[in-house]
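**Student:** any chance you could fold what I've pasted below:
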Amino acid sequence: MGFKLVITGRPGIGKSTLFNKIIETLREEGYIIGGVRSPEVRGSDGRRIGFKIVDLLSGREAWLAKKGYPSPVRVGAYGVVVEEASPLIEEALTNALIKADIIGIDEIGPMELKIPVFREKLFEILNSGKPLILVIHYRLRDNAILKQLSNAEKIVLSFENREHYSRTIPRLVLSKIGI
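**Tutor:** Numbering: from 1, shown residues only. Here you go, the predicted model:
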């Protein structure tokens, strides 16, 4: 099986920043990176209004969740935009399996897992043998996913170690990918 890196830690600690730095380093070395990321979206007042889902291969994006969105699928104050996010997730993760050297997902968390196709494609990815860079929600308790990641290298980011990991992990990942 391919190299698997799991990044986790409390909200706001820098998981996405580290993920993006690793992806950028790998792209600079010529690797094709597929997968998705889920950046937050802030309104003009600076408050978070939701999350997008972005295809790492194409750059296409769709709404993942919006504050106050009238959806029966909810995570806290956010309504999950299943009908918009599902097709993009399916296409992005299918293309990642076919076209990418390395697959990245930021993040595997409650909103993403509310979308059935995400979970289905996630297990295909976890069993693909491709190198994986994954950001995992710090409270993920899904035993089926955690079992699949039991052999992964894990980084728990904290305020004390995030600068160190930011400097060392991108090159370390590059050395371990070995494609």
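**Student:** and the residue nearest to residue 9 when sequence neighbours are not counted, how many neighbours?
**Tutor:** The shortest distance from residue 9 to any non-neighbouring residue, by Cβ to Cβ, 6 or more residues apart in numbering, is to residue 157 (3.4 Å). Placement of C-beta: from N, CA and C, glycine included. Using other Cβ atoms under 10 Å, residue 157 has 22 neighbouring residues.
**Student:** for residue 149, same thing?
**Tutor:** Residue 149, neighbours per other Cβ under 10 Å, totals 19.
**Student:** likewise residue 24?
**Tutor:** Residue 24: 12 neighbours (other Cβ under 10 Å).
**Student:** ditto for the one 5 residues further on
**Tutor:** Using other Cβ under 10 Å, residue 29 has 13 other residues around it.
**Student:** verify the stated contact: it with residue 171.
**Tutor:** No - between residue 29 and residue 171 there is no contact under Cβ atoms under 8 Å: 10.0 Å.
**Student:** ok, and what's touching the host helix or strand of residue 17?
**Tutor:** Following DSSP states H and E, the helix or strand that holds residue 17 is helix 15-28. Contact with helix 15-28 is made by 5, 7-9, 33, 37, 39, 56, 102, 104, 106-107, 133, 135, 155, 157, 162, 165-166, 169-171, 173-174, 177, as judged by Cβ atoms under 8 Å, 6 or more residues apart in numbering.
**Student:** low-confidence regions, this structure specifically.
**Tutor:** Flagging of the chain using pLDDT under 70 yields the residue ranges 1, 178-179.
**Student:** could you rerun that using 90?
**Tutor:** 1-2, 167, 169-179 (pLDDT under 90).
**Student:** now what about the longest helix seen in it, what contacts it?
**Tutor:** Scanning the chain for the helix with the most residues, using DSSP state H, yields helix 82-99. For helix 82-99, contacts defined as Cβ under 8 Å, 6+ apart pick out 32, 34-36, 53, 55-58, 60-64, 71, 73, 103, 112, 114-118, 121-122, 124-125, 128, 130.
**Student:** can you give me the buried ones in the helix or strand containing residue 145?
**Tutor:** Using DSSP H and E, residue 145 falls within helix 143-148. Across helix 143-148, burial judged by 16 or more other Cβ atoms under 10 Å covers 145, 148.
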